[in-house]
Structures are given as structure tokens and as C-alpha cells.
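[1] What follows is a protein structure lacking sequence information:
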């Protein structure tokens with residue numbers, strides 16, 4: 001059976017919103033290392049990843065914008081970047097199965113994220129989770 005790596009994502013209006021969401025994901029069995037929090041300024045994203053032990057932003061973000069290299073459609077990329085320019089915070093949850101990705105989307109909705117979607121991702125380069133028995 002071929003496993004498809006995927007990512008659910010959304011944008012929170014505030015840093016506090018992201019912190020609440022991270023706690024919900026932890027409670028649901030997701031590893032912090034499979035969560036990626038991205039601010040409009042890459043330095044803020046790196047600092048947050050270091051302090052909260054989440055996944056650091058991808059290297060492409062250093063050169064071409066904080067969300068480039070994540071595999072987002074052009075439409076999703078534009079919507080998320082508009083929210084981020086207004087102070088929004090992007091949260092991505094990496095998974096290796098559809099059940100975990102769907103559950104991540106539900107948690108994003110329940111915790112107030114906007115512009116929620118998911119996408120298949122090429123070679124995420126991380127040890128992917130198996131949350132909630134999935």
C-alpha cells in the first residue's frame with residue numbers, strides 16, 4: 001500500500017489562537033514536531049519553532065516568502081498570505097494518512113482557523129505521525 005503524505009493547514013488571527021490549537025493537537029495525539037507554525041516574518045517563525053519545539057519553516061521560505069515550498073495551490077497561497085500580512089499565523093499539520101489529515105482539519109475548524117484546506121506533499125522529510133490510532 002502506498003502511503004500519501006499530506007498536510008492540513010489554516011490561518012489563525014492571533015498567536016494566542018495558534019497556542020490554543022497546538023494544545024488541542026497535542027491532546028489529540030499529534031507530535032509537536034509534525035506541526036509547523038509560520039509567521040509573516042521568518043525570524044518570528046524560527047523563534048517560535050525553537051521555543052515551542054515545533055517544526056521549523058522550510059528553507060525555501062528564507063528566499064521566496066514564508067509559504068513557498070509547502071505545495072499550496074496558488075489560490076490557497078494567496079489567501080493565506082493576505083491573512084498573514086494582516087497579522088495572521090499559518091499552522092500546518094503533517095500526516096501520513098487521510099484519517100489524521102481529516103482529523104487535523106476538524107481540529108483546525110474547532111479552534112477557529114480560517115482558510116482551512118489540505119494538500120498532498122512531496123517528501124516532507126520528517127518522521128510522520130499516527131495520531132488517534134490512525
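    Okay, I see it. The structure displayed is predicted, hence computed values, not measured ones. Numbers count the residues shown, from 1 in each chain.
[2] rest of the way, CA atoms for contacts and neighbours
    Will do.
[3] And residue 105, how far from residue 20?
    15 Å (CA to CA, to the nearest Å).
[4] Pick out whichever of those two has more residues nearby.
    Neighbour totals were compared for residue 105 and residue 20, and residue 105 leads with 22 against 12 (other CA atoms under 10 Å).
[5] any idea how far the more buried one lies from residue 86?
    Separation of residue 105 from residue 86 (CA to CA): 22 Å.
[6] Kindly report the same for residue 78.
    Applying CA to CA to residue 78 and residue 86 gives a distance of 13 Å.
[7] Next secondary structure element downstream of the helix or strand bottoming out on mean pLDDT in the chain?
    Counting by mean pLDDT, DSSP states H and E, the weakest-scoring helix or strand in the chain turns out to be helix 61-64, with a mean of 43. Using DSSP states H and E, the next helix or strand after helix 61-64 towards the C-terminus is helix 74-85.
[8] Return the set of buried residues in that next one.
    Residues of helix 74-85 classed as buried by neighbour count (16 or more other CA atoms under 10 Å): 76, 77, 80, 81, 83, 84.
[9] since we're on residue 107, how many residues are nearby?
    The burial count for residue 107: 18, using other CA under 10 Å.
[10] In this structure it contacts residue 22, no?
    No: judged on CA atoms under 8 Å, residue 107 makes no contact with residue 22 at a distance of 9.7 Å.
[11] Which residues are in contact with the spatially most central residue of the chain?
    Centroid-nearest residue in the chain, with CA atoms, centre = their mean: residue 92, separated by 0.7 Å. Residues near residue 92 by CA atoms under 8 Å, 6 or more residues apart in numbering: 7, 8, 9, 10, 35, 36, 37.
[12] can you check residue 44 too?
    Residue 44 touches residue 38, counting by CA under 8 Å, 6+ apart.
[13] Equivalent analysis for residue 7, please.
    Contacts of residue 7 by CA under 8 Å, 6+ apart are 92, 93, 94, 95, 101, 118, 119, 120, 121.
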